[in-house]
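# Fold the following, please.
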Amino acid sequence: MKKPIIFLFLLFVNFTAFAQGKLFIIGGGSRPASMIDEMIDEAGVRFEGYAVVLPMSSADTDAAIISGKKQFSDNGISSVTAFNFLMGETPSTSHLDSIRNAKLIFISGGSQIRFMDVVAGTAIERAIWDCYHNGGTIAGTSAGAAVMSEKMITGDQVLYPEADGGFRVIEKGNTKLSNGLGLVKNAIIDQHFVQRSRYNRLITLAIENPSLKCIGIDESTAILVSGNKVKVIGQSQVLVFDGSKGKKREMGEKLGMKDVRLSVYLDGDTFSLK
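Here you go, the predicted model:
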């Protein structure tokens, strides 16, 4: 009885390992036409297939749908639809099939927690994964970027829940993580990074999660992920903190680490997630 179970497990692992899709992860802010152009071309949706906008991160889903569709229509793409799923609802088979067979899925900005509250553990999440495995491109901006990683930054501070003005400390247990879509297994994604000076929280996560690359994507900038290869696209920078060879030290709640590696990438640069 054990052999079929082991076989199915290995089949699932291999299927996950060889996903054929791409990820186009945008750090938020304005989205230059040239960047959206590249997203469309990488997805292959200019000449075939269609795009789907998922606006559930947004507090104003109607506006997110209009904005999401406009970025495609401004670039000559008319084959775009949108689905605003509600928490707890049972999606129709036709809507799930539309997600599953899309060439490109675009996840709007807003709150990553709001998005995951709707899709986590549901047929919607499985359909997104199916799209990715079928060769589709999964794209997202801001909150739609945060949901890409398995360990997702929520934006909340555990030790200072009432703090205003960002993360002012590098202390253990302060940066709250939750479960994202898990399309990126070996990295944590942060957004609006340079613009909002989110260094402290990503440095903290690099120290606390040395096996993961911690990637900060600035506004009007994106990363294109194909397997383990990453390409930077856009107007600003992508910062990567790597604590894999660092030496961690703690002093009370304070965190320290020697030899944290920092790389700052610009448009056209590439790096590996390995």
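# What is the neighbour count of residue 105?
Look at residue 105: counted by other C-beta atoms under 10 Å, it has 26 neighbours. Backbone N, C-alpha and C define where each C-beta goes, glycine included.
# what residues are up against it?
51-52, 54, 99, 128, 131, 136-139 (C-beta atoms under 8 Å, 6 or more residues apart in numbering).
# Can you give me the pLDDT of residue 75?
pLDDT, residue 75: 92.
# Pull the number of nearby residues for residue 52.
Per other C-beta under 10 Å, the neighbour tally for residue 52 reads 25.
# Spell out which helix or strand contains it, please.
Using DSSP states H and E, residue 52 falls within strand 51-54.
# and that strand, which strands flank it?
Counting by DSSP bridges, the strands paired with strand 51-54 are strand 80-82 (parallel), strand 104-107 (parallel).
# Give the next helix or strand downstream of the last one.
Elements were assigned by DSSP H and E; along the chain past strand 104-107, the next helix or strand is helix 112-119.
# Would you mark the buried spots in that following helix?
By neighbour count on 16 or more other C-beta atoms under 10 Å, the buried set for helix 112-119 is 112-113, 115-116, 118-119.
# and residue 234, what does it touch?
If a contact means C-beta under 8 Å, 6+ apart, then residue 234 has 26-27, 32, 35, 218, 220-222, 267 as its contacts.
# count of residues packed around the nearest residue to it once chain neighbours are set aside?
Take residue 234 and drop its neighbours on the chain: the residue closest to it by C-beta to C-beta, 6 or more residues apart in numbering is residue 221, 3.4 Å away. Residue 221 has 29 neighbouring residues, counting by other C-beta under 10 Å.
# right, and residue 221 touches residue 239 too?
No: when contacts are counted by C-beta atoms under 8 Å, residue 221 is not listed as touching residue 239 (10.4 Å).
# Can you classify residue 210 by secondary structure?
Following DSSP: H, G, I helix; E, B strand; the rest coil, residue 210 is assigned to coil.
# distance of it from residue 254?
17 Å (C-beta to C-beta, to the nearest Å).
# the more surrounded of those two?
More crowded of residue 210 and residue 254, by other C-beta under 10 Å: residue 210, with 19 against 11.
# can you pull the contacts of the more buried one?
So residue 210 contacts 243-244, 246, 248, 257 (C-beta under 8 Å, 6+ apart).
# Quick check: phi and psi on residue 124?
With angles defined as degrees, to the nearest 10, residue 124 sits at phi -70, psi -50.
# Burial check on it, number of neighbours?
A count of nearby residues for residue 124, using other C-beta under 10 Å, gives 20.
# quick revisit: just the residues contacting the next helix or strand after the strand holding residue 52, thanks.
Toward the C-terminus, strand 51-54 is succeeded by helix 61-73 as the next helix or strand (DSSP H and E). With C-beta under 8 Å, 6+ apart as the test, helix 61-73 has contacts from 31, 36, 40, 51, 53, 55, 57-58, 78, 80, 82, 84, 106, 108-110.
# how about 10 Å then?
Contacts of helix 61-73 with the rest of the structure, by C-beta atoms under 10 Å, 6 or more residues apart in numbering, involve 31, 33, 35-36, 39-40, 45-46, 50-58, 60, 77-86, 104, 106-110, 114, 139, 141, 144.
# Stretch 83-97 now?
Stretch 83-97 is contacted by residues 52-56, 58, 61-62, 64-65, 81, 98-99, 105, 108, 114-115, 117-120, 122-124, 126-128, 130 when judged by C-beta under 10 Å, 6+ apart.
# Mind doing that once more with 7 Å?
Residues outside stretch 83-97 that contact it (C-beta atoms under 7 Å, 6 or more residues apart in numbering): 52, 54-56, 61, 65, 117-118, 123-124, 127.
# Do a quick rundown of the helices in this protein.
Remark: helices assigned in the chain by DSSP state H are 2-17, 33-43, 61-73, 93-100, 112-119, 123-133, 143-146, 199-208.
# Could you identify which of the ones you listed is most buried?
Ranked by mean neighbour count, the helices of the chain are led by helix 143-146 with a mean of 30 (mean count of other C-beta atoms under 10 Å).
# Can you list the helices and strands that that helix packs against?
Here helix 143-146 touches helix 112-119, going by 3 or more C-beta pairs under 7 Å, 6 or more residues apart in numbering; DSSP states H and E.
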